[in-house]
Structures are given as C-alpha cells and as structure tokens.
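# test case, fold it:
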Amino acid sequence: MRSMTVEMSPEVDDALNMIACARGISKGEAMLRAFALLKVAYDEKQKGDGSSLGLVRRLPDNTLKAVGVVTGI
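I've put the predicted structure just below:
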C-alpha cells in the first residue's frame, strides 16, 4: 500500500479525530473512507447526466426524501 503525508488545519484534524473516535476506527481508516466518498462524488459528476451526490432522509414508510446535494467536490 502507498503512503502519503498530509498537512491539515487543526480544525480538520480535530474533526477527523472526533469522527474516528465516534466510529471506533483509526484516523487513517477515516481518511480512507473520506477519499472513497470523494471518489463516489467525482464519479457521479463525471457521468455528465446531471447525477450528483446527495443526502436523503428515510421516512417512516421506508421511502427516501432528498434533503440536500453535496456541492463543491
């Protein structure tokens, strides 16, 4: 596996630590998951068909309601 050094602001580092701790995973695993999510967003945007990464809420009847779109990726 390849490795890299990343510089990040204290705020981003704190958020990464918090997320990793809350999920019971390492900071490295949290970063790998973040990059995987970035790849999903990138792939959807590249389709060129209006696809994008969004946020949904599961309703009591098990249907999904769109509640947001991830932008800036």
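
# report all helices and strands that the lengthiest helix in the chain contacts.
When the chain is parsed with DSSP state H, its longest helix is helix 27-46. In terms of contacts (3 or more CB pairs under 8 Å, 6 or more residues apart in numbering; DSSP states H and E), helix 27-46 is packed against helix 10-23. Every C-beta, even on glycine, is put in place using the N, C-alpha and C of the backbone.

# need the CA coordinates for stretch 3-14. CSV is fine.
Taking Å, rounded to 0.1, in the frame of the first residue of the first chain, the C-alpha atoms of stretch 3-14 are listed here in CSV:
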residue,chain,number,x,y,z
SER,A,3,1.6,6.2,1.9
MET,A,4,1.5,9.9,1.9
THR,A,5,2.0,12.8,4.3
VAL,A,6,-0.9,15.2,4.7
GLU,A,7,-0.9,18.7,6.2
MET,A,8,-4.3,19.8,7.6
SER,A,9,-5.6,22.6,9.8
PRO,A,10,-6.2,22.0,13.4
GLU,A,11,-10.0,22.2,12.8
VAL,A,12,-9.8,19.4,10.2
ASP,A,13,-7.6,17.3,12.4
ASP,A,14,-9.9,17.7,15.3
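
# contacts for it, please.
Outside of stretch 3-14, the residues within contact range by CB atoms under 8 Å, 6 or more residues apart in numbering are 16, 31.
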